[in-house]
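1. Give me coordinates for this.
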Amino acid sequence: LLRSFYNMSAPSSEKYREKWKKLGLIIAYSGKPLLPERDSPFNVGKLIQLPEFTVDEVQSLAMQYKIQMDSTTISLIMRLVGGHPYLISLSFEHLRNINLNSQEDINNFITQSSTQRGIYSEHLNKLHRKIQDDQLKQALYRVVRSQNPVRLNSQIVEKLEEIGLIKSSGTGTDFVEPFCELYRVFFNSIIR
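-> Numbering: from 1, shown residues only. Here you go, the predicted model:
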């Protein structure tokens with residue numbers, strides 16, 4: 001249906017083209033279409049990569065959740081989950097219901113969160129199920145075990161990036177690091 005609407009709008013006369021402009025569609029998808037380009041209904045849209053939240057955006061989100069946080073707490077949470085919008089949101093959902101009164105409370109929250117039963121457990125276990133291929137597991141294990149960026153095969157990099165587990169380190173092509181510290185801690189303990 002989407003493909004037919006899109007195809008109808010292209011050759012339409014000027015009279016109908018204005019009407020078709022009113023039909024604006026954004027199709028969000030992850031990865032590459034499985035079908036050839038001309039057969040896939042999902043190749044109409046444009047792939048949009050959402051950037052990670054900045055410190056200011058996280059502070060603003062905390063205010064929207066009505067959570068009082070100092071910059072130290074925000075930097076600790078961001079050190080754990082980076083600027084990952086979904087993980088930040090999960091953190092704030094949880095933090096809204098508990099009181100962190102000391103640095104020890106914050107450290108306990110961060111330590112407990114990175115376990116298989118923490119607040120991120122559903123997300124982490126879902127990611128873990130996506131890497132059943134031994135080659136992906138071994139590559140991810142190399143990445144999470146190293147404190148420095150690791151060079152991987154470009155095909156492996158592409159697959160792990162599509163899952164969202166790694167990101168480019170900025171030191172060169174194919175040099176990667178875990179997307180966030182949460183992934184490093186979790187996958188370091190779960191993959192052997």
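
2. for this structure, what spans make up the strands?
-> 150-151, 166-168, 175-178 (DSSP state E).

3. Quick one: mean pLDDT for the longest one?
-> Taken as a whole, strand 175-178 carries a mean pLDDT of 93.

4. Residues touching it, excluding its own?
-> 143-144, 149-152, 157, 160-161, 165-169, 184, 187 (CB atoms under 8 Å, 6 or more residues apart in numbering). Every C-beta, even on glycine, is put in place using the N, C-alpha and C of the backbone.

5. ok, the residues you listed vs L127, which is closest?
-> Nearest to L127, judged by CB to CB, of those is L165 at 6.3 Å.

6. Tell me the pLDDT of the closest one.
-> 94.

7. Quick check: phi and psi at the nearest residue to G164 once chain neighbours are set aside.
-> Spatial nearest neighbour of G164, excluding adjacent residues (CB to CB, 6 or more residues apart in numbering): F179 at 6.1 Å. F179 adopts backbone torsions of phi -60, psi -40, taken as degrees, to the nearest 10.

8. related to what we said a few turns ago, out of the strands of the chain, nearest to F53?
-> strand 166-168 (14.2 Å).

9. just curious, which of the contacts of strand 175-178 is nearest to S91?
-> Nearest to S91 among the contacts of strand 175-178, with distances taken as CB to CB, is R184, at 16.8 Å.

10. Leaving out sequence neighbours, find the closest residue to that closest one.
-> For R184, the closest residue by CB to CB, 6+ apart turns out to be P178, at 4.3 Å.

11. now do the same end-to-end measure for stretch 123-138.
-> For stretch 123-138, the first-to-last residue distance is 20 Å (CA to CA, to the nearest Å).

12. Can you tell me what sits against that stretch?
-> Under CB under 8 Å, 6+ apart, the answer for stretch 123-138 is 86-87, 90, 116, 140, 156, 159-160, 163-165, 182-183, 186-187, 190-191.
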